[in-house]
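Peer 1: Here is the input, now give the coordinates:
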Amino acid sequence: MAGAASQGHAGPQRSNSLEKGAAVLRALGRTRSYQEATESMPDDVATATDSVATDIPVQASEPRKPVRVARPISSEKWEKYVVEWEIPRKLLHVSIGFVVLFLYETQADLSKIVRVLGTMLAVIVSADLLRLNSASFEAFYERVLGVLMRDGEKERVNGVVWYIVGVLLSLHFFPEDIACVSVMILSWCDPSASTLGRLYGRYTPSMPPPLFAPRKSFAGFVAASVMGALTTYLFWGTSIAIRGERASGLSWTQNGAATFGTKLAPGFLHSGWTGFATGFQSQTNTTLWEKTQAVSEGRAAMPAWLLYAASGLIAGVTESLDLGGCDDNLFIPLLSGLGLWMTFWVWGLLCA
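Peer 2: Coordinates of the predicted model:
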């Protein structure tokens, strides 16, 4: 009797397990990494994997239907300005650079900024997980925020998640002035490269692989480089950096002393590296006399024109790199900040 009862219940339990397994396979099927892994399998393995998912007796799911987003303008203009040119997305991208400037100039507390960004990240990640696993919430989400998303992002993690992670890592590892400039480079150089690349990319050659992404044009590279130089000038070349200077000091001041690569900076070879807990620090606790002495000894900061040119090159290169499918919102601020730090360090170590 007990054996018969257990056999009688084995069918439903097995079916329930198979249904859960099929749900996992369908969820994995929405991720880019799973799709790429399946495509790279031998044909017989990929076919066997597909048959497991298709042969399971589960309730058939309807194919994903495109979400209709409210359009306040005609379909033709919508297709041109929202889909093709991504105007709403670019406006959001650019606005973040101005927010960074405002927070820096008003000397907003860094710990509060990090807490706010951390809270935003938790909310957005939760919403993204719900969006990728709930068709009804996905429809609502895309109806409200679909204008800010590319089509490819609707099947994977939202780019805003990587944007916030990149900003948080930059603020953690770099001095505040370098972190601000690196985020501004992401905010302004990426849209500039995209816009000019669409307009004039057909008239210029593509960037050479494998270091650069073939889809990137030389026109976009030039646009990002020019905007990177202008961004650096706006921050360090005007009074903005000095007005918002924190207690830790600035990494570069015009006619000031070099920091990284000199005895003003801590760490091995005066690199400023103090460990993963605190990242790079531009200056130790030095007195005004020590700073003045550093300048008098010939350890002057790099010329402004060289800083602007180097920053432009850094912006153009980081925006054009082939990141192997990784989100540029994460890597552009990190690579830009690393490039700026290395520029200051090499100058202080070898040239100052």
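Peer 1: so where's the protein shaky on pLDDT?
Peer 2: 1-85, 284-298, 352 (pLDDT under 70).
Peer 1: hey, where'd the helices end up in it?
Peer 2: Taking DSSP state H to define them, one finds helices in the chain at 2-28, 32-39, 43-55, 75-77, 87-105, 110-133, 135-145, 159-173, 176-200, 218-232, 240-243, 288-296, 304-320, 328-346.
Peer 1: could you measure the residue lying closest to Leu199 once chain neighbours are set aside against Pro205, distance?
Peer 2: In space, and not counting its chain neighbours, Leu199 is closest to Ala219: 7.4 Å by C-beta to C-beta, 6 or more residues apart in numbering. Just so you know, the C-beta spots here come from the backbone N, C-alpha and C atoms, and that holds for glycine as well. Remark: distance between Ala219 and Pro205 (C-beta to C-beta, to the nearest Å) = 9 Å.
Peer 1: The two: which has the busier surroundings?
Peer 2: Ala219 (20 against 9; other C-beta atoms under 10 Å).
Peer 1: how about the more buried one, what does it touch?
Peer 2: Applying C-beta atoms under 8 Å, 6 or more residues apart in numbering, we find Ala219 in contact with 196-197, 199-201, 203-204.
Peer 1: can you pick the most crowded of the residues you listed?
Peer 2: That'd be Gly197 among the contacts of Ala219, by other C-beta under 10 Å, with 23 neighbours.
Peer 1: Excluding chain neighbours, what is closest to that one?
Peer 2: Gly220 (3.2 Å).
Peer 1: what residues are up against that neighbour?
Peer 2: If you count contacts by C-beta under 8 Å, 6+ apart, Gly220 has them with 193-194, 196-197, 201, 319-320.
Peer 1: Let's see the distance spanning stretch 235-252 from one end to the other.
Peer 2: The first residue of stretch 235-252 is 11 Å away from its last residue (C-alpha to C-alpha, to the nearest Å).
Peer 1: Need the residues that contact it.
Peer 2: Defining contact as C-beta under 8 Å, 6+ apart, one finds that stretch 235-252 is touched by 101, 104-107, 110, 175-178, 180-181, 184, 234, 253-254, 256, 259-260, 281-283, 301-302, 304, 307-308, 340-341, 344.
Peer 1: List the buried residues of it.
Peer 2: For stretch 235-252, a neighbour-count test (16 or more other C-beta atoms under 10 Å) marks 235-237, 240-241, 244, 249-252 as buried.
Peer 1: Return the residues in contact with the closest residue to Glu138 other than its chain neighbours.
Peer 2: Spatial nearest neighbour of Glu138, excluding adjacent residues (C-beta to C-beta, 6+ apart): Arg131 at 4.8 Å. Neighbour list for Arg131: 137-138, 141-142, 158 [criterion: C-beta under 8 Å, 6+ apart].
Peer 1: repeat that with 7 Å
Peer 2: Contacts of Arg131 were listed using C-beta atoms under 7 Å, 6 or more residues apart in numbering, and they are 137-138, 141.
Peer 1: From Lys154, how far off is it?
Peer 2: For Arg131, the distance to Lys154 - C-beta to C-beta - is 9 Å.
Peer 1: likewise Leu321?
Peer 2: The gap separating Leu321 from Lys154 is 25 Å, by C-beta to C-beta.
Peer 1: what's the answer for Phe276, then?
Peer 2: From Phe276 to Lys154 the distance is 35 Å (C-beta to C-beta).
Peer 1: likewise Ala309?
Peer 2: To Lys154, Ala309 is 40 Å away according to C-beta to C-beta.
Peer 1: what's Arg156 sitting at in phi/psi?
Peer 2: When read as degrees, to the nearest 10, the backbone of Arg156 gives phi -150, psi -170.
Peer 1: same deal with Ala213?
Peer 2: Note on Ala213: its backbone torsions stand at phi -70, psi 130 [degrees, to the nearest 10].
Peer 1: any idea what sits nearest it, other than its immediate chain neighbours?
Peer 2: The shortest distance from Ala213 to any non-neighbouring residue, by C-beta to C-beta, 6+ apart, is to Asp322 (4.1 Å).
Peer 1: can I assume that neighbour is in contact with Pro210?
Peer 2: Yes. Using C-beta atoms under 7 Å, Asp322 is in contact with Pro210, at 6.4 Å.
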